[in-house]
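*Asks:* what's the 3D shape of this:
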Amino acid sequence: MRVISTNIGPLTKVNWHGKEIVTGIFKKPIDEPLMLQTDSVANDSIADPRVHGGQYKACYLFSSKYYNYWKRKYPHLEWGWGMFGENLTIEHLEERELRIGDIYEIGTALIQITQPREPCFKLGIRFGTQEILKEFIAHGHPGTYVKVLKKGIVKKGDPLILKEKSKSPLTIQDFYRLLFEEKKNKDHLALAIANPCIPEKKRNRLKNYV
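*Replies:* Purely as a prediction, here's the structure:
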């Protein structure tokens, strides 16, 4: 895996059901490296810190592999890296191979895989339709959020070097399916509840399904 684009965006005002709101999802590639901080990406914009940024969502990574799939579904949109609100567009990122808790070196930073992206209405605003939410969930390739264990600089071309494999076999794809499936996979449920790299609040909610 390697970084093929570094992306940030300003806070953008949009109309949502007659009300003006702000969003940081309109990200575009920049030529400069990104500084990964413990709770966010330097110079990026976060509209709602309750659901974006923070310890478990400091930076969002999305695979370049699936851009062509979405371009075919939405050919009328103006396409570029960062379309999904990701800070880092990654070549060869595969959710089925990323274990929650894996630790990677990327540039001078050290990151840990934490959780998949769960789409909200702002992705629908970006794509011009709320139908994208159901499609994004069904497609099953959400990318991943990471925790920044060591602050550092990341630039285009930097590889992701695995430094420590998680002891838990639970992958980002496993967890994503678990979040949205009606009948929860009991093995994945137990692994998720026991995994300290997943936010405690989310693990506590999952206990309701035990």
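*Asks:* now do the helices in this protein.
*Replies:* With DSSP state H as the criterion, the chain has helices at 67-73, 121-127, 131-139, 172-180, 186-194, 200-206.
*Asks:* nearest to residue 46, of these?
*Replies:* helix 121-127 (11.6 Å; CB to CB). Yep, even glycine has a C-beta here, placed from its N, CA and C like the rest.
*Asks:* now the closest one: mean pLDDT?
*Replies:* Mean per-residue pLDDT for helix 121-127: 94.
*Asks:* mind listing what's buried in that helix?
*Replies:* Within helix 121-127, the residues scored as buried using 16 or more other CB atoms under 10 Å are 122, 123, 124, 125, 126, 127.
*Asks:* so for residue 159, which of the helices of the chain sits nearest?
*Replies:* The closest of those to residue 159 is helix 172-180. By CB to CB, the value is 18.9 Å.
*Asks:* can you give the distance of that closest one from its chain's centre?
*Replies:* Distance of helix 172-180 from its chain centroid, counting by CA atoms, centre = their mean, to the nearest Å, is 13 Å.
*Asks:* stretch 65-72 now?
*Replies:* Relative to its parent chain, stretch 65-72 has a centroid offset of 17 Å by CA atoms, centre = their mean.
*Asks:* contacts for that stretch next, please.
*Replies:* Residues from elsewhere that reach stretch 65-72 (CB atoms under 8 Å, 6 or more residues apart in numbering): 77, 79, 81, 83, 91, 92, 93, 94, 139, 141.
*Asks:* the first one touches residue 129, doesn't it?
*Replies:* No. Using CB atoms under 8 Å, residue 77 is not in contact with residue 129, being 10.3 Å away.
*Asks:* going through the contacts of stretch 65-72, which ones are buried?
*Replies:* Restricting these to buried positions leaves 81, 83, 93, 141, with burial counted as 16+ other CB under 10 Å.
*Asks:* all strands for the chain, in order.
*Replies:* With DSSP state E, the ranges of strands along the chain come out as 2-8, 12-16, 19-23, 28-30, 34-36, 59-63, 88-91, 103-106, 109-116, 144-150, 152-154, 160-164.
*Asks:* closest to residue 73 out of those?
*Replies:* Nearest of these (CB to CB): strand 59-63, 15.7 Å.
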